[in-house]
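S.K.: Following is a predicted model, sequence given first.
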Amino acid sequence: MDFVSPVLEVASLICNCVGDRADHLRRLPQNLISLRAAMEKLNNVYKDVKERVESEENLEKKKRTHVVDGWIGRAQAMEKEVNELLDRCDEENQKKCLGTCCPRNCRSSYKLAKMVREKMDAVAELQSEGSNFQEVAAPLPSPHVIERPLEKPVGLDSPFREVWGLLQDKQVGSIGIYGMGGVGKTTLLKKINNKFLQSSIKAFDIVIWVVVSRPTNLERVQETIRSRLQIPDDRWKGSEEDDKAAEICRILKTKKFVLLLDDVWEPLDLLRVGIPPLGEGNQSKIVFTTRSADVCGGMAAQKSIKVECLEEKEALSLFQAKVGEDTLNSHPDIPKLAEMVAKECKGLPLALIVIARAMASAKTPEEWERNLQKLRLYPKDVAGTENYLFSVLAFSYDSLPDEASKSCFLYCSLFPEDYQIHSEHLIQLWIGEGFLDEYDDIQEARNQGGKITQMLKHACLLEVGKLMHDVIRDMALWLACEKGKKKNKFVVKDGVGLISAQEVQKWKDAQRIALWNKTRIEELREPPCFPNTETVIVRMRFTFPSSLFINMSVIRVLDFSNNKTLKLLAPEIGNLATLQYLNLSGTMIKYLPIELKKLKKLRFLMLDGLSLVGPLPNQLVSSLSSLQLFSMKSFISMLTIDEIMLLEELEQLEHINDISIRLTSIWSIQRLFESHKLRRSTTSLQLTRCKGVNQVQLVSPSCIKELVLQRCYELEEVKIIHFEKQVVPSKFPNPQCCFNHLLSVRINSCINLLNLNWLIHAPKLQYLDILNCQTIEKVIEDERSEGSEIESGLSVFSRLITVEECPRLKKLPFDSRICMSKKLENINGQQEWWDGLEWNDQTLMHNLTPILSTPWEPIKC
């Protein structure tokens, strides 16, 4: 029986083996169904994973992880393998014995059945893996620069080259780009950003673009930088501002970076943001744009670059490109009209683009002409100007620090396009309007007014050389009229011809009225009513009817200066009880009405250049109890003004502290300098036609800023008196004896004047005019001019000197220090005179020649 057991074991193994194979074969149909179902589930998971990956790659700019990428490949391969296996099973099923369910090849069928079972497990495992992905894509490595969308810039080649050159300069770390709104600063910054995309430029590890805007949000700035540096959440979220700054700083210290900050409105504390200090060997750069030059200073920009408006040719090119060829070619007259419209934008790119878009659909000359008139008279009515032009420019106005600054800015819109106004005159108007009433002293108010003008220039709201850019002026008028809601709140008419009486009646709600240049009003049948009018400025050929003054109950400022047809000042002016500022300078008024005495609130009275044929009314000036400023210089009178009486009346005024006056006698000069109050208050003194006067004594100290000696034919010498003692001019004058306020001296036709030695006592002199003084050989004698400077180190002439018709003047009081100081900006004189000057140092002549202007050339300062 021993042989039986092995046989039985073998038989048992054979039965088990046969049974397993039979079981695989028996379960094959059901397993095929299960495999198809499992594969369908895997396909669904595959689709979900693929969609997640594509979404994050396309929308979130991520890249699929290697694990997910491998799984997707395996899932795709699995699908192919399963499909092939199912096809083989279908083929094997068709080979069964006819009429039976038995396979013809058991061995082959068994292998297929086993493979189906294994694939079921593999598919299930792959499906489970795909269902449990927490992350399918990770952030892409940050590119060193991200391209900014940008149309082809126009007219920015010069500032671009300048900025790009500075980026290569190892000595320059921070660069400020400033200019008025809409001038192209952001476009320039985008062009700089995109330049770094060029593969040949590998100088920096990363370029970071941040829009700062207003109000400044430090957290938002940090978040933008964090995104570019790809700082992970676990090192950022929940952190305090200082910790975030430290993390930014830690990373940036390891990189050579360029930080581009767009639209900065106030100095940004870069250390608080986390920007490491520049200049520590990393050669990183910061470039920012702003509308204010003050921000450049506040952020310690090593270089500041102003972006100017486009030249006329560039402006037209931009305008034509935005209008489009189809419109420009729609009528032969349109290109010329397009040129006229483009000129109205005065080179401001934003204005050119907005107006061009508005004109792009205008295909007839009539439409262009209508819009051109709108642009000249009512620019807000042109499509797009309010929403896309004025509203953008108004951000500069909104950023002004206080209401006084805003009022001063809006006031400038009363002046015509391209108008040039002396800042002193403008500031006096501001004071007269009450914008600077917090300052009791006129000089303090003037100083503040000067700061405001500088601030407005730095904010690119006022311009050097003229008052305002035309588009800025249009925006200011729009704001002054409450964004166009009150059209006649500011009435400004310039060269419009005849204004109808009906139009004048519409001005009843006007706060300010300004009429300029060849503008006239037709005869008024009834008195106009101006109950809200505070300001009237009239520079035109128009004589006011007396009825104009009846209904001005709140008027503060009347400025009729240089109105050459104004010959009579109506007595009704005395009814203007609220009037504080009256300027009659340069008019043709022959008499001053006695009714002026009633103006008890009048603070400013200007009578320069009048041609009076009658005396001043008795006690007129002393009756103006609130008067602070009185100006009566360069006047021409058919009668002799009682100068002594006028000075005595001025001395009686309690609040007077600014006098500009013309005197013609030695007695008047003595009376003025005898009075401490008059000497302290006189800021401009004009000595004209002083007969029999061969010597003038100027008493120090005084507050004179401007001194004119004119047609004093017998005058030989000017002396300085200090505490009743004559001061001898020397090259080291006593500062206490100096005229520290004197800025301008004009000497005209003083044919016997020998020298100007006394100018050594004017250390702050900026302008010196010497005209037709035939005996002057030297401005300051040699022994006094050599080394002539006072303890403060200021040279005698700091800005401008003009010499005409002085044939014997052969030497100027300059040495090499005048070139080193770079304070002298211009010498104005005839070339023949210049060529005949004597020089101790020829190098000095060569150094000064570039700043020479002849009388027929523009001054170079």
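M.R.: Nice, I can see it.
S.K.: Quick check: which element contains residue 369?
M.R.: Following DSSP states H and E, the helix or strand that holds residue 369 is helix 365-377.
S.K.: With residue 659 instead?
M.R.: strand 658-663.
S.K.: That strand packs against which elements?
M.R.: Secondary-structure packing of strand 658-663 (3 or more CB pairs under 8 Å, 6 or more residues apart in numbering; DSSP states H and E): strand 629-632, helix 643-652, helix 666-674, helix 676-681, strand 682-688. The way it works is simple: take the backbone N, C-alpha and C, and place the C-beta from them, glycine included.
S.K.: can you rerun that using 10 Å?
M.R.: Counting contacts by 3 or more CB pairs under 10 Å, 6 or more residues apart in numbering; DSSP states H and E, strand 658-663 is packed against helix 442-458, strand 629-632, helix 643-652, helix 666-674, helix 676-681, strand 682-688, strand 706-710.
S.K.: continuing past the helix holding residue 369, what's the next helix or strand?
M.R.: Later in the chain than helix 365-377, the nearest helix or strand by DSSP H and E is helix 391-398.
S.K.: ok, back up a step: any idea of the mean pLDDT in the helix holding residue 369?
M.R.: Helix 365-377 shows a mean pLDDT of 89.
S.K.: residues of that helix that come out buried?
M.R.: Neighbour-count burial for helix 365-377, counted by 16 or more other CB atoms under 10 Å, picks out 367-368, 371-372, 374-375.
S.K.: CA atoms of it as PDB?
M.R.: Written as PDB, here are the backbone C-alpha positions of helix 365-377 (Å, rounded to 0.1, in the frame of the first residue of the first chain):
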ATOM      1  CA  PRO A 365     -15.400 117.200 -42.700                       C
ATOM      2  CA  GLU A 366     -18.500 118.600 -41.000                       C
ATOM      3  CA  GLU A 367     -18.200 116.200 -38.100                       C
ATOM      4  CA  TRP A 368     -14.600 117.000 -37.700                       C
ATOM      5  CA  GLU A 369     -15.200 120.700 -37.700                       C
ATOM      6  CA  ARG A 370     -18.000 120.400 -35.100                       C
ATOM      7  CA  ASN A 371     -15.700 118.400 -32.800                       C
ATOM      8  CA  LEU A 372     -12.900 120.800 -33.300                       C
ATOM      9  CA  GLN A 373     -15.100 123.600 -32.100                       C
ATOM     10  CA  LYS A 374     -16.200 121.500 -29.200                       C
ATOM     11  CA  LEU A 375     -12.600 120.800 -28.300                       C
ATOM     12  CA  ARG A 376     -11.700 124.500 -28.400                       C
ATOM     13  CA  LEU A 377     -14.800 125.800 -26.500                       C
END
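S.K.: burial measure for the residue nearest to residue 642 when sequence neighbours are not counted, as a count.
M.R.: Leaving aside its sequence neighbours, residue 642 sits nearest to residue 615 (CB to CB, 6 or more residues apart in numbering; 6.9 Å). The local packing of residue 615 (other CB atoms under 10 Å) involves 16 other residues.
S.K.: so after the lowest-mean-pLDDT helix or strand in the chain, what's the next helix or strand?
M.R.: Least confident helix or strand, the chain: helix 782-785 with a mean of 50, by mean pLDDT, DSSP states H and E. Sequence-wise, the next helix or strand downstream of helix 782-785 (DSSP H and E) is strand 800-804.
S.K.: For the strand holding residue 659, which strands pair with it and how are they oriented?
M.R.: Its sheet considered, strand 658-663 pairs with strand 629-632 (parallel), strand 682-688 (parallel) by DSSP bridges.
S.K.: How far does that strand sit from its chain's centre?
M.R.: 38 Å (CA atoms, centre = their mean, to the nearest Å).
S.K.: quick check: angle from it to helix 442-458?
M.R.: Inter-element angle recorded for strand 658-663 and helix 442-458: 110 degrees (by axes from the mean of the first three to the mean of the last three CA atoms, to 10 degrees).
S.K.: so strand 658-663 versus helix 643-652, what angle?
M.R.: 170 degrees.
S.K.: still on that earlier bit, per-residue confidence for the residue nearest to residue 642?
M.R.: Residue 615 is given a pLDDT of 82.
S.K.: give me the element it is part of.
M.R.: Going by DSSP H and E, residue 615 is not in any helix or strand.
S.K.: who does the helix holding residue 369 touch, helix- and strand-wise?
M.R.: Applying 3+ CB pairs under 10 Å, 6+ apart, one finds that helix 365-377 contacts helix 334-344, helix 349-359, helix 470-480.
S.K.: that older thread, got TSV for the strands paired with strand 658-663, with mean neighbour count too?
M.R.: Shown next, in TSV, are those (neighbours: other CB atoms under 10 Å):
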stretch	mean neighbour count
strand 629-632	22
strand 682-688	22
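S.K.: Of those, which is nearest residue 288?
M.R.: Minimum separation from residue 288 across those (CB to CB) falls at strand 682-688, 41.7 Å.
S.K.: can you redo the helices and strands packed on helix 365-377 as CSV with mean neighbour count?
M.R.: Shown next, in CSV, are the helices and strands packed on helix 365-377 (neighbours: other CB under 10 Å):
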stretch, mean neighbour count
helix 334-344, 18
helix 349-359, 24
helix 470-480, 24
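S.K.: possible to save the ones you listed as JSON lines with distance to residue 443 and mean pLDDT?
M.R.: Below are the helices and strands packed on helix 365-377 laid out as JSON lines (distance: least, CB to CB, whole Å; pLDDT from 0 to 100):
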{"stretch": "helix 334-344", "distance to residue 443": "41", "mean pLDDT": "93"}
{"stretch": "helix 349-359", "distance to residue 443": "39", "mean pLDDT": "90"}
{"stretch": "helix 470-480", "distance to residue 443": "28", "mean pLDDT": "91"}
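S.K.: Distance to residue 604 added to the ones you listed, as JSON lines?
M.R.: Formatted as JSON lines, the helices and strands packed on helix 365-377 follow (distance: least, CB to CB, whole Å):
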{"stretch": "helix 334-344", "distance to residue 604": "36"}
{"stretch": "helix 349-359", "distance to residue 604": "37"}
{"stretch": "helix 470-480", "distance to residue 604": "23"}
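S.K.: which one of the ones you listed lies closest to residue 405?
M.R.: Using CB to CB, the nearest of the helices and strands packed on helix 365-377 to residue 405 is helix 470-480, at 12.6 Å.
S.K.: between that closest one and helix 349-359, how many degrees?
M.R.: 80 degrees.
S.K.: and helix 470-480, what other elements does it pack with?
M.R.: Counting by 3+ CB pairs under 10 Å, 6+ apart, helix 470-480 packs on helix 334-344, helix 349-359, helix 365-377, helix 391-398, helix 403-411, strand 490-494.
S.K.: can you pull the buried residues of the fourth one?
M.R.: I take that to be helix 391-398. Neighbour counts over helix 391-398 (16+ other CB under 10 Å) mark 393-394, 396-397 as buried.
S.K.: follow-up on the earlier one: how far is the helix holding residue 369 from where the chain is centred?
M.R.: The chain centre lies 29 Å from the centre of helix 365-377; the measure is CA atoms, centre = their mean.
S.K.: Many thanks, have a good one.
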